[in-house]
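>>> Sequence below, structure please.
(one chain, ligands or ions: 1)
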Amino acid sequence: MATSVILITGAFGALGQAVARHLAAQGHQLGLLDAAPAVPPALAAEFAAHLQLPALDLSQPAATQQAVAAAQARFGRVDGLVNIAGGFRWETLEAGSAATWQAMFTINLLTAVNTCQAVLPAMLAQGSGRIVNIGAGAAAKAGAGMGAYAASKSGVQRLTEALAEETKLRGITVNAILPSIIDTPANRRDMPDADFSRWVTPEALAEVVGFLLSDGARAITGAGIPVTGRV
Ligand SMILES: NC(=O)c1ccc[n+]([C@@H]2O[C@H](COP(=O)([O-])OP(=O)(O)OC[C@H]3O[C@@H](n4cnc5c(N)ncnc54)[C@H](OP(=O)(O)O)[C@@H]3O)[C@@H](O)[C@H]2O)c1
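I've put the predicted structure just below:
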């Protein structure tokens, strides 16, 4: 894809920033969507040329539609969507609550459902579009304490497959990336004794996102691509 308009959710998080940096360097125009109450000052300056939409709860359909409308008003079109917004909770069934399952589905799956629905009319009208969802390796098999998270990320994979089928004859591709543990500051804090060199970096993941948005990936749709570093 030549220079185009890409919306990134969770854009101010660890992976979101790296993806935004990579796509900005490729010359894309970006809409940066996130729940953070305000844009972190360093990012506000770095991405001053792009649309910045903080304080946005993408689990709310109306707010999501408004954000996509704002991007269309600013750029005139939307060519790509990268769904990175998400979260993680470790909790066993024995010690946990159904509320955690609800929360994981809201944060990881509903946000992506809402953004996909919001961008679809524009992509279908123009007969082209690229959607990249960030799932997780855990979507395939849940470990202990991972039930709610894994189920929600499995939902992201099913969303990816269904939407890919629904749009495959209409110029749109929909794919998911399935990272294992990412080398983020939060993970380094939580697991100080781990071998960080084995974890996939946000920058490496950003390059895969860039590829899936590119013309070179036009033949790929409905895929769930493990990107796991050396884990
Ligand atoms: N980190 C890992 O090891 C790992 C592994 C596999 C998959 N993943 C997936 O990769 C993605 C990025 O991970 P990360 O480590 O970069 O996480 P992160 O730093 O926590 O970034 C996620 C961002 O999404 C935002 N967000 C959450 N709920 C939202 C909502 N309802 N509306 C709008 N924005 C929302 C968060 O905002 P707030 O912080 O303000 O809520 C945060 O800025 C996530 O989908 C995660 O599940 C991560």
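
>>> So which other helices or strands are in contact with the longest helix seen in the chain?
In the chain, assigned by DSSP state H, the helix with the most residues is helix 147-167. Based on contacts counted as 3 or more Cβ pairs under 8 Å, 6 or more residues apart in numbering; DSSP states H and E, the elements that helix 147-167 packs against are helix 98-104, helix 111-126, strand 129-134, strand 172-179, strand 224-227. Bear in mind the C-beta positions are built from the backbone N, C-alpha and C, glycine included.

>>> what angle do it and helix 111-126 make?
10 degrees (axes from the mean of the first three to the mean of the last three Cα atoms, to 10 degrees).

>>> how about the helices and strands packed on helix 147-167 in CSV, adding mean neighbour count, mean pLDDT and distance to Ala42?
As requested, the helices and strands packed on helix 147-167 are arranged in CSV below (neighbours: other Cβ atoms under 10 Å; pLDDT from 0 to 100; distance: least, Cβ to Cβ, whole Å):
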stretch, mean neighbour count, mean pLDDT, distance to Ala42
helix 98-104, 16, 98, 29
helix 111-126, 20, 98, 24
strand 129-134, 26, 98, 23
strand 172-179, 24, 98, 24
strand 224-227, 18, 98, 26
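
>>> The ones you listed into TSV, with extra columns for distance to Ala162?
Formatted as TSV, the entries for the helices and strands packed on helix 147-167 read as follows, by distance: least, Cβ to Cβ, whole Å:
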stretch	distance to Ala162
helix 98-104	19
helix 111-126	10
strand 129-134	12
strand 172-179	9
strand 224-227	13
